[in-house]
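Undergrad: here is the input, now give the coordinates:
(2 chains)
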Amino acid sequence: MDFPQVSALPQFIHPFTIYGIGEDLRLQAGGVNPASMTWVANSAVYVPFTLPWQYPVNRVFWGNGATAGNNADFGIYTASGRQIYHTGSTVTSGTSTLQFVTPSTTFVLDPGNYFMAWACSGSTTAAYALAITTAGQGAMCGAYSQASAMALPSTATFASLGTTLGIPIMGITRTPSGF
Amino acid sequence: MLAAPSFGACSLNFSTLVGQEAMATNGATSAAVWPQASAAVYIPFQVIIPWKVNSFAFRVNTQSGNCDVGIFDEGGTCLVAKGATVVGAAGLQVVDLSASVSRGTAGVQLGVGTYYMAMSVDNITASVFRIANVQVPVLRACGLRQQTSAYPLPATATFATLGNNYCPNVICGPNPIV
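TA: Residues are numbered from 1 along each chain as shown, chains lettered A, B, ... in the order given. Now for the predicted structure:
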């Protein structure tokens, strides 16, 4: 299906929007901004998002922290935890910047509820994320974690998102290039 | 969830991804000098219900030099730009885009789609209010772009990857801003 370049669809879908958990974060962890942060090696975070319309996924992205050269994996899951897509283990390149990956075959997500997921093999300042500083904040936003989840599994095993991880800047975009 | 404001766009409301991000992180504004002389910043916004661009506004902290403001379509074509405008005294500065514009169409009608609010300033002494504490990677993920040597605003934008941690607090809409 062809999609027009000029569209009312948001250019990006990420956790800090109304399509992600932006409103939840405002009340649960408001006042904190994403920044370079230390990750728990090989752990994954699952963040819910909702699409009210079909959305063409032309690229996916995440933010790298101040340390690059780790391996990361970005994925999309159904609401029940079945993997739809993942980039596979990808070396992180560039510090404190976004990293884009173009799927080998771009695809369209139907309207519905999903999770976006990100895992990373690194630890010290490996991620660019909003730190979860108080137990329960992640749960109240509907987010989960999973240990030993690098590369991302075909089926998620949702566990509590504690205070050692965060909500990464990551997501999907209909834009084919730029930014 | 679908309701983007139909009365205009603002870098701090739900019509923009950066506004959504600022809402999520309890963002605030603070004044800062323009980051690069003659650089433009482009802030994308969505139009769900068509409206006309008659007004554009921002908040000045320190008066200096000149600025330009306008609206571009997603492909980078300037739909309207005011042209050289003196940066006003401290306080709200409203730019009339309903008449006497240098580019495009005064009072241009925006259909459903994605557009950019654009602003450039010809010096780095002028200070305006911007979204505080949001870093470049996040602003990029909200679709912001920039262009050097873009004063006055060009007929066609040459979008570049955002490098400046600077998102001015701007608003535009069909009604007078007072």
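Undergrad: and residue B:127, how far from chain A?
TA: 21 Å (Cβ to the nearest Cβ, to the nearest Å). Any C-beta I mention is one placed from the backbone N, CA and C, and that applies to glycine too.
Undergrad: ok, what's across the strand from that residue?
TA: residue B:33, residue B:62 (DSSP bridges).
Undergrad: now do the contacts for it.
TA: B:31, B:32, B:33, B:34, B:60, B:61, B:62, B:64 (Cβ atoms under 8 Å, 6 or more residues apart in numbering or on different chains).
Undergrad: so which of those residues comes closest to residue B:173?
TA: Checking those against residue B:173 with Cβ to Cβ, the nearest one is residue B:60 at 18.8 Å.
Undergrad: how close does the closest one get to chain A?
TA: 25 Å.
Undergrad: and residue B:167, by the same measure?
TA: 13 Å.
Undergrad: where does that residue land on pLDDT?
TA: Reading off the confidence values, residue B:167 has pLDDT 97.
Undergrad: now it. Nearest residue, chain neighbours left out?
TA: Closest residue to residue B:167 apart from its sequence neighbours, by Cβ to Cβ, 6 or more residues apart in numbering or on different chains: residue B:131 at 4.6 Å.
Undergrad: same thing with residue A:144?
TA: residue A:158 (3.9 Å).
Undergrad: what helix or strand is the closest residue to residue A:168 other than its chain neighbours on?
TA: Nearest residue to residue A:168, sequence neighbours excluded (Cβ to Cβ, 6+ apart): residue A:129, at 4.2 Å. Here residue A:129, judged by DSSP states H and E, is contained in strand A:127-131.
Undergrad: cool, residue A:152 as well?
TA: Counting by DSSP H and E, residue A:152 is part of no helix or strand.
Undergrad: what confidence value was assigned to it?
TA: 98.
Undergrad: bridged to the residue nearest to it when sequence neighbours are not counted, which residues?
TA: Distances taken as Cβ to Cβ, 6+ apart put residue A:75 closest to residue A:152, at 4.2 Å, once the chain neighbours are dropped. For residue A:75, the beta-bridge partners under DSSP bridges are residue A:86, residue A:117.
Undergrad: could you check how many residues crowd around residue 144?
TA: All of this is about chain A. Residue A:144 is flanked by 21 other residues according to other Cβ atoms under 10 Å in any protein chain shown.
Undergrad: my question was about chain B, not that one.
TA: Residue B:144 has 26 nearby residues by other Cβ under 10 Å.
Undergrad: ok, the closest residue to it other than its chain neighbours - contacts?
TA: What sits nearest to residue B:144 in space, not counting adjacent residues and going by Cβ to Cβ, 6+ apart, is residue B:162, at 4.9 Å. Applying Cβ under 8 Å, 6+ apart to residue B:162 gives the contacts A:179, B:41, B:136, B:139, B:140, B:144, B:145, B:146.
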